[in-house]
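Enquirer: The sequence isn't on hand, but the structure is:
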């Protein structure tokens, strides 16, 4: 089995990755852009661990993420990637907002979509979840997931 971690070279993400690899026999695909917060030295203790696959990349790179999801088929996505330091968001709001917009545009860790694609909920349940949110992009996105699923099954 495999999990995908974003922002896994930052302080919190790297500690998660190290602990996860220590406690689980599972591959970790670790995607990090290595901005000011990401540091490969944080991962030095798992550098030679064959279960750790580090990918330098941006969660805003749709092609990269689609490729990783297709290749590794992770059972879960855990997101630590963020421009979350308050002082950074004040002094560089454009970067902060771009990260948020990319994450929302990609619907990373969208629990409803994951549950639907894994078969944990059916089309009727996903439709019921999407209905109250049809006026915003999220509800529309969930309906698109259903349409794509119908198309792929025929």
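Expert: Yes, it's here. If you're wondering where the values come from, they're calculated on a predicted model, not measured in any experiment.
Enquirer: quick one: pLDDT of residue 95?
Expert: Here the pLDDT value assigned to residue 95 is 61.
Enquirer: Then residue 112?
Expert: On the pLDDT scale, residue 112 gets 78.
Enquirer: Show me the contact partners of whichever strand or helix holds it.
Expert: Assessed by DSSP states H and E, residue 112 sits inside helix 111-117. The contact list for helix 111-117, computed with C-beta atoms under 8 Å, 6 or more residues apart in numbering, reads 76-77, 107, 121-123, 125-126, 129-130, 141-142, 145-146, 149. The C-beta positions use only the backbone N, C-alpha and C, and glycine is treated the same way.
Enquirer: from these, which is closest to residue 32?
Expert: Using C-beta to C-beta, residue 77 comes nearest to residue 32 of these, at 13.7 Å.
Enquirer: Show me the strands in the chain, by range?
Expert: 2-6, 27-32, 52-56, 76-79 (DSSP state E).
Enquirer: For residue 47, give me its contacts.
Expert: Residue 47 neighbours (C-beta under 8 Å, 6+ apart): none.
Enquirer: Please check the contacts of helix 111-117 and keep the buried ones.
Expert: 77, 107, 121, 126, 129, 130, 141, 142, 145, 146 (16 or more other C-beta atoms under 10 Å).
Enquirer: which helix of the protein spans the most residues?
Expert: In the chain, with assignment by DSSP state H, the single longest helix is helix 137-152.
Enquirer: Please name every helix or strand in contact with it.
Expert: Contacts defined by 3 or more C-beta pairs under 8 Å, 6 or more residues apart in numbering; DSSP states H and E place helix 137-152 against helix 111-117, helix 123-130.
Enquirer: Having no further points to raise, I will conclude here.
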